[in-house]
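Student: Provided below for reference: sequence and predicted model.
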Amino acid sequence: MSDATALDHADAMIEQAWKRPIAELEQAAPRLPVEDAMLRAAMHHRSHLVVVSNSIAVHQDRLHALTRPGHVPAFYDLDRITASASALRTAYAESNTAVQMIRQVIDARELALTAEAGPDAERVRAATARSSRAPQPLGLPADQPAQPSAAAVAQPVANRR
């Protein structure tokens with residue numbers, strides 16, 4: 001059985017896709033949200049995976065403490081054992097989901113990189129341009145800033161009881 005965790009697997013996938021160490025990518029992701037949105041998304045999912053991995057470690061330790069060899073659990077411990085086992089299964093499912101999300105972000109990045117020279121290049125450029133700028137209200141040209149909205153007074157609502 002391998003000792004590699006889901007976080008190790010995700011780190012290896014991210015390092016292989018971007019061909020840079022994970023520590024360097026962690027520093028670059030917040031600075032480059034517009035230039036590399038896929039890196040930002042992958043690192044966001046990785047940060048969720050870090051939290052879930054810590055949760056897995058806590059639930060495993062709790063479960064091992066409650067079911068240690070030579071210890072006969074008391075009646076009230078059975079609920080805690082069941083709750084810890086259930087929380088551990090949930091944390092493992094979240095971990096697997098986070099790894100799948102990272103894999104999908106990496107696959108989308110690879111498809112976008114291969115499509116840059118292919119027939120879908122214009123669609124990729126258009127999607128990138130749309131995602132990299134701030135949303136504009138409908139009907140306004142892209143070069144004209146939106147007018148600030150006026151604050152409206154809240155109307156009282158009658159109690160219908």
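Tutor: Here it is on my side, so go on. Numbers count the residues shown, from 1 in each chain.
Student: looking at this protein, which helix or strand is least sure?
Tutor: helix 121-132 (a mean of 61; mean pLDDT, DSSP states H and E).
Student: for this protein, which spans come out with low pLDDT?
Tutor: Scanning the chain for pLDDT under 70 picks out 1-3, 31-35, 116-161.
Student: just name whatever secondary elements the helix or strand hosting Ala83 is in contact with.
Tutor: Counting by DSSP states H and E, the element that carries Ala83 is helix 75-115. The helices and strands touching helix 75-115, judged by 3 or more CB pairs under 8 Å, 6 or more residues apart in numbering; DSSP states H and E, are helix 6-18, helix 37-66, helix 121-132. Bear in mind the C-beta positions are built from the backbone N, C-alpha and C, glycine included.
Student: now do the longest one: which elements does it pack against?
Tutor: Using 3+ CB pairs under 8 Å, 6+ apart as the contact criterion, the neighbours of helix 37-66 among helices and strands are helix 6-18, helix 22-31, helix 75-115, helix 121-132.
Student: could you list the buried residues of it?
Tutor: Neighbour counts over helix 37-66 (16 or more other CB atoms under 10 Å) mark 37-43, 45-46, 48-49, 52-53, 55-56, 59, 62-63, 66 as buried.
Student: swap in the first one?
Tutor: Residues of helix 6-18 classed as buried under the neighbour-count rule (16+ other CB under 10 Å) are 6-7, 9-11, 13-14, 17-18.
Student: now for it, which elements pack on it?
Tutor: helix 22-31, helix 37-66, helix 75-115.
Student: tell me what angle the shortest one forms with helix 6-18.
Tutor: Following axes from the mean of the first three to the mean of the last three CA atoms, to 10 degrees, one obtains 70 degrees for the angle between helix 22-31 and helix 6-18.
Student: buried residues in helix 22-31, which are they?
Tutor: Counting neighbours by 16+ other CB under 10 Å, helix 22-31 gives 22, 25, 28-29 as buried.
Student: just the residues you listed now: which is nearest Ile81?
Tutor: Ile22 (35.5 Å; CB to CB).
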